[in-house]
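A.B. asks: Predicted model, plus sequence, below.
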Amino acid sequence: MSRGMWILAALLAVIAFATIYQEEFGGGVERPWTACKESMVQQWLSGDCTPREGSRIKIQGQN
């Protein structure tokens, strides 16, 4: 393999290792936007969030 391919392979390996480590030991990344039916872009533009079935999230403006 050429030098560029080795660098690319090393970067992909580091990213894969970091992702696995974060999921196993770091508790993962919180993704509160996944509890809504709308996409993240739609939530960002409109501010609306329709909860998915079974999700327990607080929506701003509601009690």
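C.D. replies: Good, I have the coordinates.

A.B. asks: Neighbours of residue 14, how many?
C.D. replies: 10 (other Cβ atoms under 10 Å). (Each C-beta comes from the backbone N, C-alpha and C, glycine too.)

A.B. asks: For it, report the pLDDT, please.
C.D. replies: What the model reports for residue 14 is a pLDDT of 97.

A.B. asks: Which of the helices or strands spans it?
C.D. replies: For residue 14, the host element (DSSP states H and E) is helix 3-25.

A.B. asks: CA-only coordinates of whatever helix or strand comes next after that helix, as CSV, when you get a sec.
C.D. replies: Sequence order places helix 40-46 as the next helix or strand after helix 3-25, per DSSP H and E. Extracted as CSV, the C-alpha positions of helix 40-46 are listed here (Å, rounded to 0.1, in the frame of the first residue of the first chain):
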residue,chain,number,x,y,z
MET,A,40,-33.1,17.5,13.8
VAL,A,41,-33.2,20.1,11.1
GLN,A,42,-37.0,20.4,11.4
GLN,A,43,-36.7,20.7,15.2
TRP,A,44,-34.1,23.4,14.8
LEU,A,45,-36.2,25.4,12.3
SER,A,46,-39.6,25.1,13.9
